[in-house]
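J.: Could you work out the structure for the sequence below:
(one chain, ligands or ions: 1)
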Amino acid sequence: MVQENTTQVLIDKAQTAAIVVRLKGGDPFVFGRGGEEMQDLVKAGVPVEVIPGVTSGIAAPAYAGIPLTHRAYSSSVTFVTGHEEAGKYRPAVNWQAIAHGSETIVIYMGIHNLPYITGQLQQAGLSAKTPIALVRWGTRPEQEELIGTLETIAAQVEAKGFGAPAIAVIGNVVNLHETLSGCRPQFLGETRGDCGTEEKLARYRQIVQHKLLDYAKVKPSYGDVEVETVFDTERDHYQIMHVGWNQERLIHACTIHIDIKGGKIWLQWNSTEREVAEDLVAAGVPKEDIVLGFQSPFMRQFTDYAVS
Ligand SMILES: C[S@@+](CC[C@H](N)C(=O)[O-])C[C@H]1O[C@@H](n2cnc3c(N)ncnc32)[C@H](O)[C@@H]1O
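T.: Numbering: from 1, shown residues only. Model prediction:
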C-alpha cells in the first residue's frame, strides 16, 4: 500500500473505532515515517500519541554483540539511511561528512547500495581495513551476521547472497563482536553459545563448585540438618540447600543458587547473596561478571504457584 493510502486508512479507521493501533517495527520515528503519519493525523484532527520502540539500528548490533559506543573505541554514533528517495529535501547523504562525523556509523537500508557507500567512505578517507558488520533479521531466530572490512564486504555480500533487511555497523566497535556475540538472550528452542572464552567459564565453574562445597560443610547449629547439593553441569546451575527438620516439620531452609550464563555468574536473591558475591570476588571473579538478584527456576516454580 502506498503511504498516502496507509495514512487515509488510519484516518478512516479513527472515525469508526475507539482506538486504532499503528504498529511499526523498531522505533516509529527512526526511518519509520512515524513523523509524517502523525502530522497527517494531527492535520485531520485525529488525537494521536506515540510510543517509542527500540530501533533496529540499536537492537540488531546489540544482538550481534556490538555496543555502539565504548569508552575505548567510540564516543559518537551516526544513524543514516543508505537508501534515499528521489525528491527528498536534500539530494543525497553527504558521505564525506558522515565518514568523519563520528566513530561509529549505523546504516539502515544500505545493502543494495553497499558497493557505492563503502566506496564513498573510502574516498572520504576511511581506511579500507575499517571493520564493518552486517546484521540481518536482527533479534529474530533467523538472525545472520557478516563481518568484513570496507574493502571486502561488498564481495562477501555477493558471494553469500546476503540480503535485506539488514543493519550495517562501521567502526572499531565491530571488533567486539568476536568476544560478545554470544551474549544476547536465547532464542526459543536454542541452546546458548558461550559468551567469553571456554577457559573463563571452566574457571568459573570450578570456583563456584568449590565455594558451594565449602558452604555445604557449614551447618546451622540446631536440629537435624540435611544438606542437598545439585550440580547441574549441563545447564550450568549449581545449588546447595541446608534443610532442618523437626518431626516432619521444616524449621529451616537455606539455599544458595548459582547459574553461569552468558559468561556471567548469576546469584539467586537471598539473604546471603552479597556475602557469596564477596567470596567469589575474593576467589578472583571480576565484580562485573557477577549479577545479583536473579530468580532461579527452583524458586520460580513457587512464585508461579503463588500467582496462579
Ligand atoms: C524503513 S526502515 C524501518 C526502521 C525502523 N523504524 C526501526 O526503527 O528499526 C527499514 C530498515 O530497518 C532495518 N531493519 C529493520 N528491522 C531489522 C532487523 N530485524 N534486522 C536488521 N535490520 C532491520 C533495515 O535496514 C531495513 O532496511
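J.: what residues does stretch 272-281 touch?
T.: With contact meaning C-beta atoms under 8 Å, 6 or more residues apart in numbering, stretch 272-281 is reached by 207-208, 211, 215, 254, 256, 258, 265, 267, 287, 290, 292-293. (Each C-beta comes from the backbone N, C-alpha and C, glycine too.)
J.: Neighbours of the closest residue to T130 other than its chain neighbours, how many?
T.: With sequence-adjacent residues excluded and distances taken as C-beta to C-beta, 6 or more residues apart in numbering, T130 is closest to L150, at 4.8 Å. For L150, the neighbour count with other C-beta atoms under 10 Å is 21.
J.: Show the contacting residues for L150.
T.: T118, L121, Q122, L126, S127, A128, K129, T130, I132, I170.
J.: Quick check, pLDDT for the last one.
T.: So the one you mean is I170. With respect to pLDDT, I170 scores 98.
J.: Now for it: which residues touch it?
T.: By C-beta under 8 Å, 6+ apart, I170 lies in contact with T104, I105, V106, I107, L121, L126, T130, P131, I132, L150.
J.: next one: the second one
T.: For L121, the contact set (C-beta under 8 Å, 6+ apart) comprises W95, I98, A99, I105, T130, L150, I170.
J.: Give me the subset of those that lies in helices.
T.: Using DSSP state H, the members of the contacts of L121 that fall in helices are W95, I98, A99.
J.: burial of the closest residue to T78 other than its chain neighbours, as a residue count?
T.: Closest residue in space to T78, ignoring its immediate chain neighbours: S102 at 4.4 Å, by C-beta to C-beta, 6+ apart. Neighbours of S102 under the rule other C-beta under 10 Å: 19.
J.: And for P61?
T.: 26.
J.: In three-state terms, label it for me.
T.: Here P61 is recorded as helix under DSSP: H, G, I helix; E, B strand; the rest coil.
J.: need the contact list for it.
T.: P67, L68, V106, A133, V135, G138, I167, V169.
J.: Up against the ligand, what does the protein have?
T.: 24-27, 30-32, 55-56, 60, 108-109, 135-140, 164-167 (C-beta under 6 Å from any ligand atom).
J.: Narrow those to those in strands?
T.: Y108, V135, R136, A166, I167 (DSSP state E).
J.: Report the two of those separated the most.
T.: Distances among those were taken as C-beta to C-beta; the most separated pair is Y108 and R136, at 12.5 Å.
J.: just the contacts of P61 now: which is nearest T179?
T.: Nearest to T179 among these, counting by C-beta to C-beta, is P67 at 11.2 Å.
J.: can you count the residues close to the closest one?
T.: The number of residues near P67, taken as other C-beta under 10 Å, comes to 16.
J.: before we move on, what about G26?
T.: Count around G26 with other C-beta under 10 Å applied: 22.
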